[in-house]
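Student: my questions concern the predicted model and sequence given below.
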Amino acid sequence: MSDDLTKDEFDALGQVSRKEHRGRPSACVARNAKRLTGLKFLEYARDGQLGLTEKGKQTLFIYRCIEALRGLSLDPHAHIDADVAIFLGRKGHIVEKEGSKEFEITQRGRESLADIDAQSH
């Protein structure tokens, strides 16, 4: 990712996206809010609640796609959210196994995951 977010920062984005922080934000969200708002991933609404920006939504979605590919590479029975499965299927990174609701990674998906892992090291 371009801004090199940590696992903790992605967790904070996920919590904000799921509205787990109603009222007082969790320790994870509070710890990361300043950096994530500075990077324009989060913004404060008029009522003082944190919300995802469009950039934050896109970044979190791409992160979920990468994690789904990693999950499938380790466990062919791994669960994938429907929106992620549709996107990865359209991009040719995964295909549905015949006769089941499970997916497998295509060669293109393996290459993309290898590229992502090579860039992050």
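Tutor: Yep, that arrived.
Student: need the contact list for residue 83.
Tutor: residue 61 (Cβ atoms under 8 Å, 6 or more residues apart in numbering). All C-beta spots, glycine's among them, are computed from the backbone N, C-alpha and C.
Student: from the middle of its chain, how far away would the helix or strand containing it be?
Tutor: Element membership for residue 83 (DSSP states H and E) is helix 82-90. In this view, helix 82-90 has its centroid 13 Å away from the chain centroid, taken as Cα atoms, centre = their mean, to the nearest Å.
Student: same deal with stretch 85-104?
Tutor: 18 Å.
Student: now do the buried residues in it.
Tutor: In terms of neighbour count (16 or more other Cβ atoms under 10 Å), stretch 85-104 has its buried residues at 85, 87, 88, 89, 93, 94, 103.
Student: for it, measure first residue to last.
Tutor: End-to-end distance for stretch 85-104, by Cα to Cα, to the nearest Å: 11 Å.
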